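**Q** coordinates only, no sequence provided:
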């Protein structure tokens, strides 16, 4: 994440592996609750961040986040990079083994009942209303929750990729949990991710 991050006491950001035992062949490994590129972290009451010590890893820059995760943002946002869905949402009734790549150029708006899985790439801002759910990987220029919506994301989230240093706000009812299986199944579609030490791609 880049920019300032605000986490309300009612939010839940969990780096502990949420995958069920035996669900996939990868060794279970917990990761940091948050990796910060730039900006400050403001936690309001309670303990909404969970994960191994330290729960937050500051790396100092957006480039540091991308390098640590092995993400080529310029490549993934290029029109030359093929995706399964372009500026359209996949069905909520995808087959169990389907983890497509979905990309929105610019702004993507998700409302109640919008769901899916796989890799979601949003080059601009992802506007989230109440009831959104996603299993897999989300890579976004910015995530903007509207009216304090409740949503659930299982897998891996990277936001702040627009380079503008925008704030990220997580409030009550919003849950982001690490799930190695969801992230691995989605990430396999992106062969451009490379193994890196102490990251989700190597450890799953």
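**A** Arrived safely. Please read all numbers here as calculations on a predicted model, not as lab measurements.

**Q** next structured bit after the helix or strand that residue 74 is a member of?
**A** Secondary-structure assignment from DSSP states H and E places residue 74 in helix 73-76. Under the assignment DSSP H and E, the closest C-terminal helix or strand after helix 73-76 is strand 85-86.

**Q** so what strands line up beside that next one?
**A** The strands beside strand 85-86 in its sheet (DSSP bridges) come out as strand 101-104 (parallel).

**Q** the residue nearest the centre of the chain is in what secondary structure piece?
**A** Nearest residue to the geometric centre of the chain (C-alpha atoms, centre = their mean): residue 157, 1.1 Å. Assessed by DSSP H and E, residue 157 sits inside strand 151-159.

**Q** residue ranges of the helices in this structure, please?
**A** 62-69, 73-76, 180-187, 200-203 (DSSP state H).

**Q** between those helices, which gets nearest to residue 84?
**A** Closest approach to residue 84 among the helices of the chain is made by helix 180-187 (11.5 Å; C-beta to C-beta). To be clear about C-beta, it is placed using only N, CA and C from the backbone, and glycine gets the same treatment.

**Q** show me what that closest one is packed against.
**A** Judged by 3 or more C-beta pairs under 8 Å, 6 or more residues apart in numbering; DSSP states H and E, helix 180-187 is in contact with strand 115-128, strand 133-145, strand 151-159, helix 200-203.

**Q** report the angle between the axes of that helix and strand 151-159?
**A** Angle between the axes of helix 180-187 and strand 151-159 is 60 degrees (criterion: axes from the mean of the first three to the mean of the last three C-alpha atoms, to 10 degrees).
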